[in-house]
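Colleague: predicted coordinates and the sequence they were generated for:
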Amino acid sequence: MSFELAPVSKGGMMMGLGVASLMSSLFDIKPYFHLQVLSVALTYSYCCLLSQHFTCTKSSVLLLMELILYNSAVNVERQFGSVKFASFITVLALVSSMLSFMMLLAFHRLDINYLPAGPTSILFSILYQFYRLVPSAYTFQIFSLKVSNKSFLYILALQVNI
C-alpha cells in the first residue's frame, strides 16, 4: 500500500500532523493547543478552535493516529477523490470545532473544562467512512469469534480513544 493517488492524506494529514506535533513539542507549546473554555470564551482567542486539530499532545497518540490514517485515510481518499476528501476534512474540522466548543460550554458546570488536542473527530469520521466504503478482504475465526482484516484497525482506534 502506498500514497499513490492520495495527496491530501500524504501531505495534508500525515506529514502536516507529524510536523506540527514535532514543532509543538520542540518549541514546548503543546499546552496551548488544548481547547479550553476560559481561553476561548473570556479572551476571545478563537484560533484555538481550529488549531486543536493540527497537533497531537502525546507522541503515543500521534503514532497510533498515523497508523490509522495510513491504513484508512488513503483508501477513503481514493474512493472520494482528492478534492472531495479535502473539502470533507475542512468541513469536518469546522463542524467539529463548533460542536466541541458548544459541548464544553454545556458541560462547564460539571468540571469538564478542556479537551485534549488532536484530530480525533476527523480520525473517527474517516474511520467510519472506511467502515462504510471499503469492504473487508477476508474474515477468520478466533475462538468462535468472527474477525475481519479491519478489526485490527478498530483495536488501534480503541487505544486512541482510551
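Modeller: Now that the structure is in, tell me what you want to look at.

Colleague: a strand runs through residue 141, doesn't it?
Modeller: Yes. Per DSSP: H, G, I helix; E, B strand; the rest coil, residue 141 lies within a strand segment.

Colleague: go ahead and confirm it touches residue 147.
Modeller: Yes. Between residue 141 and residue 147 there is a contact at 7.0 Å, judged by CB atoms under 8 Å. No exception for glycine: its C-beta is placed from N, CA and C like everyone else's.

Colleague: so between those two, which is more surrounded?
Modeller: residue 147 (16 against 8; other CB atoms under 10 Å).

Colleague: who's in contact with that one?
Modeller: Going by CB atoms under 8 Å, 6 or more residues apart in numbering, residue 147 touches 139, 140, 141.

Colleague: okay if I get these as TSV plus distance to residue 103 and pLDDT?
Modeller: TSV is the format used below for these (distance: CB to CB, whole Å; pLDDT from 0 to 100):
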residue	distance to residue 103	pLDDT
139	37	92
140	39	91
141	40	92
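
Colleague: now, which of the residues you listed sits nearest residue 152?
Modeller: residue 140 (11.5 Å; CB to CB).

Colleague: how close does the closest one sit to residue 146?
Modeller: From residue 140 over to residue 146 the distance is 8 Å, taken as CB to CB, to the nearest Å.

Colleague: same check, this time on residue 70
Modeller: 25 Å.

Colleague: with residue 16 instead?
Modeller: To residue 146, residue 16 is 37 Å away according to CB to CB.

Colleague: out of these two, which sits in the busier spot?
Modeller: Neighbour count, other CB under 10 Å: between residue 16 and residue 146, residue 16 has more, with 15 against 9.

Colleague: quick check: closest non-adjacent residue to that one.
Modeller: Once flanking residues are discounted, residue 16 sits nearest to residue 54: 6.9 Å by CB to CB, 6 or more residues apart in numbering.

Colleague: do you know the pLDDT at residue 117?
Modeller: Confidence at residue 117, expressed as pLDDT, is 78.

Colleague: identify the residue spatially nearest to it, adjacent ones excluded.
Modeller: Nearest to residue 117 is residue 33, by CB to CB, 6+ apart, at 3.7 Å.

Colleague: which parts of the chain are helices?
Modeller: Ranges of helices in the chain, per DSSP state H, are 7, 16-26, 37-41, 47-51, 59-80, 82-106, 120-133, 151-161.
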